[in-house]
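Engineer: Structure for the following, please:
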Amino acid sequence: MVDWRQVLRPRAVLVLLGGACLLACGAEPAPDGVLARTVDGDVTAAELDSYILSLPPARRRPAEDQKPADWRRELLEEMLVARRLAAEAAEAELLATDEGRLYFDALWQPVLVDRVRERRIAAKVAVTDEELREFYDAHPEEFGHGPQIRLRHIFKRTTRDASPEERAAARSAIDDLHRQLMAGASFIELARNQSDSETAPLEGLIGRLDPGALGPAADKIVWALEEGEISDVVSTPVGFHIFRVDNRLAPFHMEFAEARTRLRRRFEREKTEATLDEYFEELVAASGADWSPQDLDGGDDAVLFALGDFRLTRGELLERVLAMPFVDQRSVPLAEHLRQLAAWQLYLWEAERLDLDAELAAERQEMERTAQVELAYRGRRRAFLEALDDAALEAYYEENRERFRSRNLLRVRMLLRLFDEEGPGWFALYEELDRVARGVRAGELDFAAEAARLSDDLSAARGGDTGWIRPGAIGDWSGPRASRAVLDLPLGQISDPILVESYDENRMLYERRGYMLVRPEEIRGSGDRTFAEVRDEVAERFVATGSETLQRQIGREVLEEIEATIFQDRL
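Structural biologist: Numbers count the residues shown, from 1 in each chain. I've put the predicted structure just below:
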């Protein structure tokens with residue numbers, strides 16, 4: 001059994017033994033207030049105190065089980081190591097390398113962007129209690145409800161243009177289910193396994209409904225049911241239902257004092273978004289940027305945004321977004337991904353115009369020092385990786401083979417249609433996709449061509465091909481009702497229309513967004529990968545597993561290099 005501690009230990013033990021006298025003896029006299037001596041000079045108590053004040057609040061005091069002198073020594077050593085590594089990086093000009101520039105930009109650009117945003121938001125976003133009260137009084141439906149029922153159903157679907165024979169078959173099937181229920185069969189089981197509704201994965205649960213939610217005919221029937229009572233078969237233009245009322249909910253009203261905090265957060269978010277939208281337009285005009293979101297429907301070479309040396313085409317935007325995890329790709333529409341990327345560049349332009357680098361010089365200098373320390377650490381870690389013995393790595397690989405297996409992945413084709421208030425209604429949207437699914441099954445339509453023609457998803461550019469994703473990714477994005485429907489699909493089989501939902505945090509419920517068709521195309525099962533295939537990954541994981549030990553080892557090596565002498569009795 002390989003132990004990375006044993007691999008790291010020989011060098012660390014020599015360092016610790018060699019450094020023990022350096023760090024603990026401290027016999028050489030030093031002026032009052034000096035806590036440590038190194039080849040780089042003395043370190044005073046005032047310098048350590050200043051360093052401690054620069055740390056995050058949680059680190060400015062010792063842990064409950066830590067002695068103050070031990071805590072101060074730990075931070076003093078940390079400071080000495082950081083100083084030497086920063087000097088090492090400065091001497092090697094690591095910030096001027098491609099890696100250094102990318103790393104520093106990743107640290108510093110968010111600071112500039114946040115500062116630019118904060119200036120505008122601080123000046124524009126203010127929410128008063130009067131505004132909140134006015135909205136609260138004008139929208140009582142958002143802060144309570146009248147009597148409600150919690151409803152389930154079992155559904156057998158037909159289309160509006162179904163033949164008499166098709167409707168008769170659906171009616172016969174639902175009548176048989178009703179007879180089973182009357183004989184004592186489980187409503188939950190039948191809803192889960194026999195219903196044609198997208199509510200089947202939720203065991204038929206439609207949710208909490210207000211009076212009037214189902215239309216006059218169905219509404220009259222369900223509101224006459226007692227708790228736990230099962231309805232007769234109910235006929236509608238799109239199929240047949242059996243309803244069950246789980247329970248009735250009494251009217252509820254949220255007082256203003258309780259609603260205020262949640263409402264304030266909502267108003268602040270909405271005002272912030274409106275303010276930043278306004279600011280975006282101002283910056284586009286002031287910077288002279290080329291902003292062409294209308295070309296999102298154009299070719300891949302269409303330039304959507306350009307400012308200075310930055311230029312973004314539609315193809316480049318798609319490449320960036322499709323490189324994200326599946327759920328992140330679809331967290332916002334493609335147009336919003338474009339706007340976010342453009343806004344980032346505009347904020348950086350504004351930061352340069354305002355000369356924020358000069359205004360934040362002290363903060364930038366500290367950030368440069370942080371980047372230098374990390375870059376120097378990286379260099380030493382790389383040197384350690386390059387020196388690692390393959391025999392130790394291979395033993396670690398054999399011991400942890402499961403960690404290096406390839407993941408189980410799924411590649412699907414998808415056609416998404418989102419609901420639009422001005423577009424087709426829910427039933428029309430469902431039937432549109434149902435016709436596509438039937439045409440694909442009959443060999444009359446090509447699914448990829450239909451996805452490219454109709455889909456509202458960004459995968460339309462690839463004929464609906466989502467690429468390789470986690471099996472549960474689509475369900476994570478489209479809500480709990482869709483998850484099981486997708487995972488249960490056999491390879492190569494196109495689904496019926498699947499409901500797509502998103503969670504509304506304000507109302508604390510899932511909202512319908514549209515319907516999709518999904519067809520699993522390929523499955524890549526998990527499996528072993530050889531050591532040669534994953535050698536670099538093994539090395540990285542090996543070091544990460546012992547990262548704290550390695551970090552300490554690097555620290556001890558640095559302290560030895562600078563010949564640090566710490567005066568413990570002065571801490």
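Engineer: Checking my notes, Ile242 in a strand, right?
Structural biologist: Yes - looking at Ile242 with DSSP: H, G, I helix; E, B strand; the rest coil, it is inside a strand.
Engineer: what's around the spatially closest residue to it that is not a sequence neighbour, how many residues?
Structural biologist: In space, and not counting its chain neighbours, Ile242 is closest to Ile154: 4.5 Å by C-beta to C-beta, 6 or more residues apart in numbering. C-beta coordinates here come from the backbone N, C-alpha and C atoms, glycine included. Other residues near Ile154 come to 28 when the count uses other C-beta atoms under 10 Å.
Engineer: Are we agreed that Ile154 is in a helix?
Structural biologist: No - judged by three-state DSSP, Ile154 forms no part of a helix; its state is strand.
Engineer: quick one: it from Val238, how far?
Structural biologist: From Ile154 across to Val238, the span is 14 Å (C-beta to C-beta, to the nearest Å).
Engineer: what's the answer for Ala224, then?
Structural biologist: Separation of Ala224 from Val238 (C-beta to C-beta): 22 Å.
Engineer: Show me the shaky parts of the stretch 1-150 of the chain.
Structural biologist: 1-29 (pLDDT under 70).
Engineer: ranges for the strands of it?
Structural biologist: Assigned by DSSP state E, counting those that start in this stretch, the stretch 1-150 of the chain shows strands spanning 34-38, 41-44, 144-145, 148-157.
Engineer: Tabulate those strands (TSV), appending distance to Ala343.
Structural biologist: Shown next, in TSV, are the strands of the stretch 1-150 of the chain (distance: least, C-beta to C-beta, whole Å):
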stretch	distance to Ala343
strand 34-38	46
strand 41-44	44
strand 144-145	38
strand 148-157	41
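Engineer: so which of those gets nearest Ala383?
Structural biologist: Closest approach to Ala383 among those (C-beta to C-beta): strand 34-38, 22.3 Å.
Engineer: Can you give the distance from that closest one to the centre of its chain?
Structural biologist: Here the centre of strand 34-38 is set off from its chain's centre by 46 Å, with C-alpha atoms, centre = their mean, to the nearest Å.
Engineer: So what are the sheet partners of it and their directions?
Structural biologist: Neighbouring strands of strand 34-38 in its sheet, by DSSP bridges, are strand 41-44 (antiparallel), strand 565-566 (antiparallel).
Engineer: Just say which of the ones you listed is most tucked in.
Structural biologist: Among the strands paired with strand 34-38, strand 565-566 has the highest mean neighbour count (mean count of other C-beta atoms under 10 Å), at a mean of 22.
Engineer: now it, how far from the chain's geometric center?
Structural biologist: Averaging C-alpha positions (C-alpha atoms, centre = their mean) puts strand 565-566 46 Å from its chain's average.
Engineer: again, but for stretch 387-397
Structural biologist: Mean C-alpha position of stretch 387-397 versus that of the full chain (C-alpha atoms, centre = their mean) differs by 34 Å.
Engineer: What strand or helix carries the closest residue to Leu85 other than its chain neighbours?
Structural biologist: Nearest non-adjacent residue to Leu85, counting by C-beta to C-beta, 6+ apart: Ala376, 3.8 Å away. Here Ala376 sits within helix 361-387, counting by DSSP states H and E.
Engineer: Helix, strand or coil: sort out Ala452 for me.
Structural biologist: Once three-state DSSP is applied, Ala452 turns out helix.
Engineer: who touches it in this structure?
Structural biologist: By C-beta atoms under 8 Å, 6 or more residues apart in numbering, the contact list for Ala452 reads 460-461, 463-464.
Engineer: next SSE after the longest helix that the chain contains?
Structural biologist: Taking DSSP state H as the criterion, the chain has its longest helix at helix 256-287. Under the assignment DSSP H and E, the closest C-terminal helix or strand after helix 256-287 is strand 290-291.
Engineer: re the thing from before, run through the residues that contact the residue nearest to Leu85.
Structural biologist: The contact partners of Ala376, taken as C-beta under 8 Å, 6+ apart, are 85-86, 88-89, 92, 94.
Engineer: Tell me which of those fall in helices.
Structural biologist: Checked against DSSP H, the contacts of Ala376 include these in helices: 85-86, 88-89.
Engineer: who's more crowded, Ala224 and Val238?
Structural biologist: It is Val238, of Ala224 and Val238, that has more neighbours when counted by other C-beta under 10 Å, with 17 against 10.
Engineer: is it true that that one touches Lys156?
Structural biologist: No - when contacts are counted by C-beta atoms under 8 Å, Val238 is not listed as touching Lys156 (10.1 Å).
Engineer: In JSON lines: the strands paired with strand 34-38, plus distance to Asp496.
Structural biologist: Shown next, in JSON lines, are the strands paired with strand 34-38 (distance: least, C-beta to C-beta, whole Å):
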{"stretch": "strand 41-44", "distance to Asp496": "71"}
{"stretch": "strand 565-566", "distance to Asp496": "72"}
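Engineer: which residues touch whatever helix or strand Val440 lives in?
Structural biologist: Assessed by DSSP H and E, Val440 sits inside helix 426-441. Defining contact as C-beta under 8 Å, 6+ apart, one finds that helix 426-441 is touched by 159-160, 237-238, 415, 417, 419, 423-424, 445-447, 450, 454, 494-497, 512, 514-517, 519.
Engineer: Dump it to PDB, restricted to CA.
Structural biologist: C-alpha atoms of helix 426-441 as PDB (Å, rounded to 0.1, in the frame of the first residue of the first chain):
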ATOM      1  CA  TRP A 426     -49.900  24.900 -24.200                       C
ATOM      2  CA  PHE A 427     -52.100  22.300 -25.900                       C
ATOM      3  CA  ALA A 428     -51.000  23.500 -29.300                       C
ATOM      4  CA  LEU A 429     -47.400  23.400 -28.300                       C
ATOM      5  CA  TYR A 430     -47.800  19.900 -27.000                       C
ATOM      6  CA  GLU A 431     -49.500  18.700 -30.200                       C
ATOM      7  CA  GLU A 432     -46.900  20.400 -32.400                       C
ATOM      8  CA  LEU A 433     -44.200  18.300 -30.700                       C
ATOM      9  CA  ASP A 434     -46.400  15.200 -30.700                       C
ATOM     10  CA  ARG A 435     -46.800  15.400 -34.400                       C
ATOM     11  CA  VAL A 436     -43.000  15.700 -34.800                       C
ATOM     12  CA  ALA A 437     -42.500  12.600 -32.600                       C
ATOM     13  CA  ARG A 438     -45.000  10.600 -34.600                       C
ATOM     14  CA  GLY A 439     -43.400  11.700 -37.800                       C
ATOM     15  CA  VAL A 440     -39.900  10.600 -36.600                       C
ATOM     16  CA  ARG A 441     -41.200   7.300 -35.400                       C
END
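Engineer: for it, the distance to its chain's centre please.
Structural biologist: Distance of helix 426-441 from its chain centroid, counting by C-alpha atoms, centre = their mean, is 31 Å.
Engineer: cool, stretch 179-199 as well?
Structural biologist: 36 Å.
Engineer: So the residue nearest to Leu85 versus Ile554, what's the distance?
Structural biologist: 9 Å.
Engineer: Equivalent analysis for Ala362, please.
Structural biologist: From Ala362 across to Ile554, the span is 28 Å (C-beta to C-beta).
Engineer: These two: which is more packed in?
Structural biologist: Neighbours per residue (other C-beta under 10 Å) separate Ala362 from Ile554, with Ile554 holding more: 20 against 8.
Engineer: Where does the more buried one sit: helix, strand or coil?
Structural biologist: Ile554 is classified as helix under three-state DSSP.
Engineer: Not counting sequence-adjacent ones, nearest residue to it?
Structural biologist: Nearest residue to Ile554, sequence neighbours excluded (C-beta to C-beta, 6+ apart): Arg380, at 5.1 Å.
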